[in-house]
Every structure is written in C-alpha cells, then in structure tokens.
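A.B. asks: I'll drop the sequence and a predicted model, then ask my questions.
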Number of protein chains: 2
Amino acid sequence: MNKRSDAPVGVFDSGLGGLTVMREIVRQIPDERIVYFGDTARVPYGSKSRATIIHYTEQILNFLKTKEVKAIVVACNTVSAYALEAVKDRVDVPIIGVVKPGARVAAVSTKNHKVGVIGTEATVDSGLYSEYIRHLNPKAEVFSKACPLFVPLVEEGWWHDEITTSVTERYMKELKEAGVDTLIMGCTHYPLLRSTLREVMGPEVNLVNPAYETAVELRRTLEWRDLLREEDGSEKCDRYRFYVSDASERFGRFAQSVLGFDVPAAEKINIEEF
Amino acid sequence: MNKRSDAPVGVFDSGLGGLTVMREIVRQIPDERIVYFGDTARVPYGSKSRATIIHYTEQILNFLKTKEVKAIVVACNTVSAYALEAVKDRVDVPIIGVVKPGARVAAVSTKNHKVGVIGTEATVDSGLYSEYIRHLNPKAEVFSKACPLFVPLVEEGWWHDEITTSVTERYMKELKEAGVDTLIMGCTHYPLLRSTLREVMGPEVNLVNPAYETAVELRRTLEWRDLLREEDGSEKCDRYRFYVSDASERFGRFAQSVLGFDVPAAEKINIEEF
C-alpha cells in the first residue's frame, strides 16, 4: 500500500446530516480512514448568502488540508449546490459533491421522465438538481418541494412515527399528483425517513439516495487513481476522526444512531482560524 | 417632548421570533419608534456556545448604539438566558430581557406552585427560568420541556393545524401529568401557537407570554425615566425600521403575518462589522 492511499478521506457538512453520507462510505469502502467535520457552530447554511457559504467552505477546505486528506466529499446539498463549482480549483485532490451523483442516477433511471426532488428551501431554490437532471435528460420534468420540517423531525428522533407520516403525506401530495416515478432525497437527513417515504410514495417509486451514489463515485475515483486503502485490521474507532466547530453533546448521540457503532468523541476546533 | 424620549427603542432577536415581542410593544405603547434587528444570517443561536452568543450580542449592541436607542429589549430567550448578565454593563441605556419578566409573573401567579416551562433546547438547558422562579417562589416546582418542532411548525405557517395539535399533545403530555397550573411560553415563536396550547392544556392552565410581560416592563421603565414618546400622528411605517443580517424574503412575509400591518422592507447590514 502506498503512503498516499493510507491518507484519510475528508467528509464535511454544515452539521450532522453528512453522517448519512459517511455511513454509505463506511458500508461501501470500510477500510478507508475518514476525517469528518461538522460546522455545528454555523449550521444551518441554507439561510445564508452564496458569498458566505463559499467563505465557510474555503475555511473548511483549509482545515481538511491540514489533515492531508487524499479526497474530499462535500456531504452537504447546500454547499454542493452553491459553492462547489467556485471552490473546486482550490484543492489539488478530487472533490465530490452529493448533487451531481444523485441527479445523474435519477436522470437515467426515470421511465416516465417525471422526477421529484425534495430538500431544504435553499437546495430547492438553487434549482441545481433540476438543472443537472434536464441537462442529462432533456425530456425530464422536475417537480421540487421544500420540506422544512423533515430535519427537525429526524433530529427529534421521530424516524418511524405517525406524526412524521402525516407531515410526509402532506409534503408528498403534489409530487404524487404529478406522478413522479423517481424521487431524489435531496437533503442528507432525509434517508433516515426512507421507510416513511417508501410507505407514502408507494413501492413503484424509485427513491434515490444521493449519499449512496456519492459513495459509489468516491470508490470509483479512488480506484481509478489507485488510492483505495487496504485492510489493516485496525479498530473502527481508530479509523474515524470527528471534528466540530461548536461543542455539542447531540453530535455524539446522533452520530452513534446514524452510524450504528460507538464513535470517538468529536474534537472542537475554531474553524474561523482556517 | 424632550429629544431623548423621541429616540427609538431597539429590539433584537436571533431571527424572526422577536417580532412577537415587538407586537406586544406596539400594542401597549403604540407611539414608540422601534428599530428591530433580526440576526437572520446567524440564526439559530440555540446551538451555539455561550462565548459565541455573547460575542454576537456585543456586535448587535454596537449596531443599536449607532441608532441612538433610548432602551433595548432582548427579544430572544437564548440571549436573555446566556448573555444578558454578561453584556448589560456595556450599554448606558436600560436593557430588558424576556426571561425575568416571564419568570416573575409565573412565580407569583401559580396557585399550586407547579410551573411548566417550554422553550428551545438551549433555553431549557440553561435552567434560567427555573432558577428565577424558585428564587422568587421557593415552594415552586418547575417542569421544563424542550419543543424543537414548534419553531419550524410556526415558520411553516401551520399555526392552526391538526399536525401541530398532535405534536403539541405529545410535547405537553408530561407537563399535564405533572399538573402544572401555569405554563411559560419560553420561546418567542410559541405565542403564535397559543390557541393550540390553550386547547391542549385546557382552560384552567394560565399561559404566560413573556413578550407581554416584557412590554409591560418596558412601558414602566420608560415611564419612570420620563422617556415615553408622545403621539405625533406619524404613520406606522415611518415609526418602525427593520434590519437583518442576511437578505430574506421570508422576513417580510412573516413580519406582516405577526404584526398585522404592512411593514417597510428590511435593510440588510453586515453585523460582523460592528
């Protein structure tokens, strides 16, 4: 194994949601070391201006550089939509966002060319999923819906709950009426509501999890560059490092519930210094 | 009318919620001029550390100083709980938070000495309502409950809604079982759910709105200091000025629905420069 392939993958998000992307990476390429950064002091990014989001992203890239990462995953739909194009030339390692991989699989797998996209207001307003999908599949019609209650419902832990079902039924009404056959879960928290979305949308609708597609793309990118890390028998807790910008007990609890194993304590860093 | 009494009152919040406090001030002392600042770029404060909240509050006080305000209302439970004591000596005008006035009326009006407090996680975790209530009424038992879904439900506009009723029933279960006769709505968004809270808690429970009590305290403070402004027949839109730290269409819509009259457009300022 060359030294470079032993380097960690950097994964970052505005907060906790990116842990669902990390979960997919851990499932698909479990031998990789991962440095996760959650910008818990400045979450949520969705209400911030594009210039602010780019500035924050640059600081995070500077931080990840100090960890000598071999690749970076932008596990945040807002950053992928608003800042990725602006910052991608500032790093000399591959950088992968969640929007393109999710859009690509939706664009090619829809049969009736009607695709639904759900996300935060910022992601929906950016129109980027819609733009990518139509670029790849000009026949596609895209129906978007912001679902602002989903994040707090997930963070409350009401993943399988009648209240969550009622909220989901209301949010999905237009998309069901539009007859979408493919639905992109365009916010990193939403895959945790997968079973409720499945129940409400019915078995015939294809639920696209951009986190899964992003992990597939990361694996391929590392393969192409001969950067895949090999098993060395280390413990999971030695392979993963967590950093946050503000101390939060909730981070540990949430990380454990998403990843399904004990995680080492997150270290607080001052991201504004980077 | 002396020149000083003609000066505006500064009202600020981390975001939109403080508008319910402004509404009470407008109702009780309609002749006052008001400068409202909502820190929409950095909302919510609840997940931030105490040091960060104090730093942000100092910047906002510096901004309000440039508007030559004659008094300041901290229309934010988190700032009132975490930062007010630390910053109050930095201004030479009266500064009033929402926690003490709300706690005071609950402490003296409870008959069975069982008081409920609902708020964000940060407010509940601060324990400040509980501390003030027990200081004024050592016999009081305080039962607190964080209700993180209430803010997004209010911002979604679902003020009178069966989903909101279901969420409220679940959140209020423990407090009803505890037999509280007084309930402090300890988050500035919550008074907008008053009718649902009334329905769920029943007519015998006294719902305390700290915004109302804060406006009472502001009126008294201005009276004592001979700073009450006199009617000059100006239009409402000339009397009120709104500033935000990040552009947000939602602000105008929300302000109008809370205040009940057309509001002038909010001006965006760079709060980090203050």
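C.D. replies: Sure thing, it's come through. The structure presented is a predicted model; accordingly, all values stated were derived computationally and were not measured.
A.B. asks: look up how far A:Asp31 lies from the closest residue to A:Asp6 other than its chain neighbours.
C.D. replies: Distances taken as C-beta to C-beta, 6 or more residues apart in numbering or on different chains put A:Arg229 closest to A:Asp6, at 6.0 Å, once the chain neighbours are dropped. Every residue, glycine included, has its C-beta placed from N, CA and C. A:Arg229 is 5 Å from A:Asp31, where distance means C-beta to C-beta, to the nearest Å.
A.B. asks: A:Gly10 too?
C.D. replies: Relative to A:Asp31, and taking C-beta to C-beta, A:Gly10 is found at 16 Å.
A.B. asks: more crowded one of the two?
C.D. replies: A:Gly10 (26 against 15; other C-beta atoms under 10 Å in any protein chain shown).
A.B. asks: which parts of stretch A:66-73 are buried?
C.D. replies: A:Val69, A:Lys70, A:Ala71, A:Ile72, A:Val73 (16 or more other C-beta atoms under 10 Å in any protein chain shown).
A.B. asks: which one of these is nearest chain B?
C.D. replies: A:Val73 (23.1 Å; C-beta to the nearest C-beta).
A.B. asks: check which element follows the lowest-mean-pLDDT helix or strand in chain A along the chain.
C.D. replies: Using mean pLDDT, DSSP states H and E, helix A:236-239 stands out as the lowest-scoring helix or strand of chain A, at a mean of 79. Next along the chain after helix A:236-239, taking DSSP states H and E as the criterion, comes strand A:240-244.
A.B. asks: what comes into contact with that next one?
C.D. replies: The contact list for strand A:240-244, computed with C-beta atoms under 8 Å, 6 or more residues apart in numbering or on different chains, reads A:8, A:22, A:26, A:33-41, A:63, A:67, A:251, A:255, A:263-269.
A.B. asks: just checking, which helix or strand succeeds it along the chain?
C.D. replies: Sequence-wise, the next helix or strand downstream of strand A:240-244 (DSSP H and E) is helix A:249-259.
A.B. asks: contacts for the least confident helix or strand of chain A, please.
C.D. replies: Residues outside helix A:236-239 that contact it (C-beta under 8 Å, 6+ apart): A:Asp31, A:Glu32, A:Arg33, A:Ile34, A:Phe261, A:Asp262, A:Val263, A:Pro264.
A.B. asks: surely the fifth one is in a strand?
C.D. replies: No. Using DSSP: H, G, I helix; E, B strand; the rest coil, the assignment for A:Phe261 is coil, not a strand.
A.B. asks: which residue sits closest to it, ignoring its sequence neighbours?
C.D. replies: A:Lys236 is the one closest to A:Phe261 (C-beta to C-beta, 6+ apart), at 5.7 Å.
A.B. asks: I'd like to know how many residues surround A:Lys3.
C.D. replies: A count of nearby residues for A:Lys3, using other C-beta under 10 Å, gives 8.
A.B. asks: and what of A:Gly252?
C.D. replies: Neighbour tally, A:Gly252, other C-beta under 10 Å: 16.
A.B. asks: ok, now which ones touch it?
C.D. replies: With C-beta under 8 Å, 6+ apart, A:Gly252 has these contacts: A:Val263, A:Ala265, A:Ala266.
A.B. asks: swap in 10 Å and give it another go.
C.D. replies: Applying C-beta atoms under 10 Å, 6 or more residues apart in numbering or on different chains to A:Gly252 gives the contacts A:Phe242, A:Val244, A:Asp262, A:Val263, A:Pro264, A:Ala265, A:Ala266.
A.B. asks: kindly report the same for A:Leu128.
C.D. replies: A:77, A:80-82, A:84-85, A:97, A:99-100, A:103, A:117, A:119, A:186.
A.B. asks: just the pLDDT for A:Ala247.
C.D. replies: Turning to A:Ala247, the model gives it a pLDDT of 73.
A.B. asks: the residue nearest to A:Asp6 contacts A:Pro8, correct?
C.D. replies: Yes. In this structure, A:Arg229 is within contact of A:Pro8 by C-beta atoms under 10 Å, at 8.7 Å.
A.B. asks: what do these two both touch?
C.D. replies: Counting by C-beta under 10 Å, 6+ apart, the residues touching both A:Arg229 and A:Pro8 are A:Glu32, A:Arg33, A:Lys70, A:Arg239.
A.B. asks: could you list the buried residues of stretch A:38-58?
C.D. replies: Buried residues in stretch A:38-58, counted by 16+ other C-beta under 10 Å: A:38-49, A:52-54, A:56-58.
A.B. asks: could you give the mean pLDDT of it?
C.D. replies: 87.
A.B. asks: tell me, how many residues neighbour A:Ser234?
C.D. replies: Look at A:Ser234: counted by other C-beta under 10 Å, it has 10 neighbours.
A.B. asks: need the strands for the stretch 151-274 of chain A, in chain order.
C.D. replies: Using DSSP state E, counting those that start in this stretch, the strands of the stretch 151-274 of chain A run over A:182-185, A:206-208, A:240-244, A:267-268.
A.B. asks: any idea which of those is most buried?
C.D. replies: Most buried of the strands of the stretch 151-274 of chain A, by mean neighbour count (mean count of other C-beta atoms under 10 Å in any protein chain shown): strand A:182-185, with a mean of 27.
A.B. asks: sheet partners, orientation included, of that strand?
C.D. replies: strand A:114-119 (parallel), strand A:206-208 (parallel) (DSSP bridges).
A.B. asks: now distance to B:Ser109 and mean pLDDT too, for those strands, in JSON lines please.
C.D. replies: What follows is those, written out as JSON lines (distance: least, C-beta to C-beta, whole Å; pLDDT from 0 to 100):
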{"stretch": "strand A:114-119", "distance to B:Ser109": "45", "mean pLDDT": "97"}
{"stretch": "strand A:206-208", "distance to B:Ser109": "51", "mean pLDDT": "98"}
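A.B. asks: columns distance to B:Thr214 on top of these, output as TSV?
C.D. replies: Shown next, in TSV, are those (distance: least, C-beta to C-beta, whole Å):
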stretch	distance to B:Thr214
strand A:114-119	37
strand A:206-208	47
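A.B. asks: between the ones you listed, which one is nearest to B:Ser144?
C.D. replies: strand A:114-119 (33.2 Å; C-beta to C-beta).
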